[in-house]
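> Kindly return the folded structure for what I paste below:
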Amino acid sequence: MALGFLGEHGLLARASGKQSLASLFDSAWHEMRREYRNEFVYKTEIASRIVFGRHSPKTASLYVELPVGRSIVDVAVFNGTSTAYEIKTEYDTPRRLTTQTSDYLTAFDRVCLVTHPRCAESYADISDPRVGILVLTERGSLRLIREPLTNRQNVAPKTIFGCLQRAEYVEAVSLKIGEPVIKPSAIIQGYCGGVFEQFTASEAHDTFVSALRKRKTDGDTVRFVTALPESLRVLGYATPLSRRQRETALSALREEVSFRLV
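Okay, here's the model as predicted:
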């Protein structure tokens with residue numbers, strides 16, 4: 001499929017001899033970025049510009065399609081704080097935007113809408129004033145149109161609790177009550193949920209940032225996503241793989257592939 005796409009767009013003709021599989025994926029990515037800026041293009045640019053550019057994969061974690069409340073965040077980044085990115089390409093409509101950003105504001109410190117330059121004004125008019133507006137320029141940079149307002153004091157502990165794994169909320173509740181949580185498995189979630197709802201907004205948000213940052217800034221994950229070509233980093237974050245599967249994927253991407261046009 002990848003070779004067919006490259007051949008159709010004349011990229012194989014410009015290539016010489018053999019290429020690594022990684023370079024072929026990047027060639028397809030650059031063509032997509034030039035001709036069809038869909039949601040995947042936006043996600044990849046956010047990863048490149050924010051996590052690998054402004055921050056570092058060692059200190060900032062990235063999530064793709066993260067469930068929050070009744071909605072799913074397109075891209076979420078956790079470094080010293082939390083930021084949700086809702087993507088609206090030139091091919092999208094504003095449908096559900098109000099509901100989506102309302103859900104994100106119950107969990108995230110900052111919420112940003114990322115869109116095409118010609119759509120920015122109309123989205124700014126209908127968005128919550130706390131929501132920042134970014135545009136993806138023709139050159140692939142992210143330009144700030146409206147600064148997101150800090151929202152960490154307004155988050156809902158109940159929403160954040162729903163984003164945490166058991167080990168994460170048990171640890172947080174144990175620290176809160178000053179002793180280990182020892183409860184039967186059948187009731188531990190309900191017990192911890194009740195205690196967590198008593199957290200202040202700031203305490204809940206700090207727990208959220210710490211937990212989700214740790215999940216994807218471990219050494220193995222950092223080495224894996226850093227070794228991937230730019231075009232595949234978002235998929236690297238989004239796809240759960242074992243250490244062996246990651247090694248196999250990187251090995252395959254280093255392999256040279258030959259082709260001939262027929």
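
> In this model Ile133 seems to touch Thr101, though I could be wrong.
No: when contacts are counted by Cβ atoms under 8 Å, Thr101 is not listed as touching Ile133 (11.3 Å). C-betas here are computed from N, CA, C, even on glycine.

> Helices of the stretch 1-150 of the chain, residue ranges please.
For the stretch 1-150 of the chain, applying DSSP state H, counting those that start in this stretch gives helices covering 2-8, 11-14, 21-35, 39-46, 97-104, 120-126.

> Which of those has the highest mean neighbour count?
Of those, the one with the most neighbours on average (mean count of other Cβ atoms under 10 Å) is helix 39-46, at a mean of 21.

> just to revisit the earlier point, just put the helices of the stretch 1-150 of the chain in JSON lines and tack on distance to Gly193 and mean pLDDT.
Formatted as JSON lines, these follow (distance: least, Cβ to Cβ, whole Å; pLDDT from 0 to 100):
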{"stretch": "helix 2-8", "distance to Gly193": "45", "mean pLDDT": "52"}
{"stretch": "helix 11-14", "distance to Gly193": "52", "mean pLDDT": "50"}
{"stretch": "helix 21-35", "distance to Gly193": "42", "mean pLDDT": "92"}
{"stretch": "helix 39-46", "distance to Gly193": "31", "mean pLDDT": "96"}
{"stretch": "helix 97-104", "distance to Gly193": "18", "mean pLDDT": "96"}
{"stretch": "helix 120-126", "distance to Gly193": "34", "mean pLDDT": "96"}
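
> Ala172: which of those is closest?
Nearest of the helices of the stretch 1-150 of the chain to Ala172, taken as Cβ to Cβ: helix 97-104 at 21.0 Å.

> Tell me the confidence at Glu138?
Residue-level confidence at Glu138 comes out at 89, pLDDT.

> neighbours around it, how many?
Look at Glu138: counted by other Cβ atoms under 10 Å, it has 11 neighbours.

> Now do the contacts for it.
Listed by Cβ atoms under 8 Å, 6 or more residues apart in numbering, the contact partners of Glu138 are Pro117.

> any idea how far it is from Arg37?
From Glu138 across to Arg37, the span is 9 Å (Cβ to Cβ, to the nearest Å).

> what's the closest non-adjacent residue to Lys18?
Glu256 (4.2 Å; Cβ to Cβ, 6 or more residues apart in numbering).

> Pretty sure Val150 sits against Val111.
No Val there; residue 150 is Thr. No: using Cβ under 8 Å as the test, Thr150 is too far from Val111 to be in contact (10.4 Å).

> Comparing those two, which residue is more hemmed in?
Val111 (26 against 11).

> My read is that that one contacts Ala84, right?
Yes: using Cβ under 8 Å, Val111 is in contact with Ala84, at 4.8 Å.

> hey, what's in contact with both of the two?
With Cβ under 8 Å, 6+ apart, Val111 and Ala84 have common neighbours Tyr104.

> Following the record's annotation, map out the domains of the chain.
38-154, 155-215 (automatic domain parsing).

> Quick one: find the helix or strand in the protein with the lowest mean pLDDT.
The helix or strand of the chain with the poorest confidence is helix 11-14; it has a mean of 50 (mean pLDDT, DSSP states H and E).
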